[in-house]
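>>> I would like the atomic coordinates for the input below:
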Amino acid sequence: MAFGPDRVGWVDYAKGICIVMVVMMHSTLGVEQATGKSSRMGALVTFAKPFRMPDLFLISRLFLAQVIDRHWPAYSDTKVVHFAYFYALWGTIQFTFKTPISPRSWAWPAWRRPTCCPIPSRSERCGSSNCCLSSSWLPS
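Sure, this is the predicted structure:
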């Protein structure tokens, strides 16, 4: 692969590998959490855990002296605006796919559900057919 005159090939390859490892970690952990199962990629993610982010930060700082002296509008255009755009794009994608669709998923979590009706009668106890957890207040 041809690089420009101001690019160093091994730095770009190393940063690319670190970025792939970070993306792989996020996708693997997300899938494992959604499915409740471990995957084979989990071992690779665990192996890369101690070095993926520190290496990415160290490699990115190799050329900090060249970047830090730029004028603010040039830096803002290449760094801040570029990353804000991709952050907004990825946030939209995440929100779209992770927002619950079914009304059943909108129910209270189990730890917030009342164990009995707010004002039970004397004969009403949890576990009976009149208990809130067995009532029709939960979406079906």
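
>>> Tell me, how many residues neighbour F83?
10 (other C-beta atoms under 10 Å). Any C-beta I mention is one placed from the backbone N, CA and C, and that applies to glycine too.

>>> and if you look at V31?
Around V31 there are 13 residues (other C-beta under 10 Å).

>>> show me what contacts it?
Going by C-beta atoms under 8 Å, 6 or more residues apart in numbering, V31 touches S39.

>>> name the element it belongs to?
Using DSSP states H and E, V31 sits within helix 9-35.

>>> What residues sit buried inside that helix?
Residues of helix 9-35 classed as buried by neighbour count (16 or more other C-beta atoms under 10 Å): 14, 18, 21, 25, 28.

>>> Just the pLDDT for the closest residue to the second one other than its chain neighbours.
Ranked by C-beta to C-beta, 6 or more residues apart in numbering and with sequence neighbours excluded, the top spatial neighbour of C18 is L56, at 3.9 Å. We note a pLDDT of 88 for L56 in this prediction.

>>> Neighbours of L56, how many?
17.

>>> Kindly report the same for the one 4 residues further on.
Neighbour count of S60, defined by other C-beta under 10 Å: 14.
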